[in-house]
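Trainee: Got a sequence here, can you build the structure:
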Amino acid sequence: MRIGLAADHGGFELKERLVVLLREGGHEVVDFGPSVLDPADDYPDFVVPMALAVAKKQVERGIAVCGSGVGASIAANKVAGVRAALVHEVFSAHQGVEDDDMNVLCLGGRVVGPALAWDLVKAFLSARFIGAGRFTRRLEKVRQLEKKELSNE
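Mentor: Numbering: from 1, shown residues only. Below you'll find the model as predicted:
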């Protein structure tokens with residue numbers, strides 16, 4: 001799978017670990033940065049380009065990491081077509097994909113340790129959207145909301 005990763009200084013160390021683990025697992029990784037630790041960087045500068053790549057299907061899924069994961073989630077969800085969620089436990093990592101077609105996993109580099117983060121990533125990447133009628137119906141409502149917001153700009 002082709003995976004996009006992005007972080008800020010708060011998620012830099014975890015992102016670097018995940019890049020290695022994903023590549024070792026046979027995934028193609030597109031690293032949206034940062035490439036060096038900079039305590040003054042801002043998560044939107046890295047998360048938004050990754051989210052745009054997910055929306056344009058240049059990568060199949062994305063992973064965004066900041067200190068808490070909250071800012072990364074907020075930024076990613078501003079991009080139409082992105083369905084990002086901050087996740088701290090395995091059930092939501094796969095259920096978010098299965099029921100809600102989540103395509104960006106957000107993690108807190110200062111909240112989850114590397115072992116749990118890897119378990120979350122594996123659950124996220126192995127899950128598939130079920131596509132049941134009620135899930136598709138709900139996602140269509142989200143798409144309509146995005147269309148309305150875009151047309152009002």
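Trainee: Was I right to think residue 97 contacts residue 120?
Mentor: No - between residue 97 and residue 120 there is no contact under CB atoms under 8 Å: 11.5 Å. In this view, the C-beta of every residue, glycine as well, is placed from N, C-alpha and C.
Trainee: excluding its backbone neighbours, what's nearest residue 120?
Mentor: Nearest non-adjacent residue to residue 120, counting by CB to CB, 6 or more residues apart in numbering: residue 93, 4.5 Å away.
Trainee: Residue 100 too?
Mentor: residue 83 (6.1 Å).
Trainee: ok, that neighbour touching residue 99?
Mentor: No - if you go by CB under 8 Å, residue 83 and residue 99 don't touch, sitting 10.7 Å apart.
Trainee: neighbours around residue 66, how many?
Mentor: Neighbour count for residue 66, taken as other CB atoms under 10 Å: 33.
Trainee: Please apply the same query to residue 101.
Mentor: Residue 101: 18 neighbours (other CB under 10 Å).
Trainee: coming back round to it: please name the residues that touch the residue nearest to residue 120.
Mentor: Contacts for residue 93 were tallied using CB atoms under 8 Å, 6 or more residues apart in numbering; they are 87, 105, 119-121, 123-124, 127.
Trainee: From those, which land in helices?
Mentor: 119-121, 123-124 (DSSP state H).
Trainee: Looking at neighbours, which among those is most surrounded?
Mentor: That'd be residue 124 among these, by other CB under 10 Å, with 25 neighbours.
Trainee: quick one, helices of the protein?
Mentor: Applying DSSP H to the chain gives helices spanning 12-24, 44-55, 70-76, 90-100, 114-126, 133-151.
Trainee: Packing partners of the last one?
Mentor: I take that to be helix 133-151. Other helices and strands packing on helix 133-151, by 3 or more CB pairs under 8 Å, 6 or more residues apart in numbering; DSSP states H and E, are helix 90-100.
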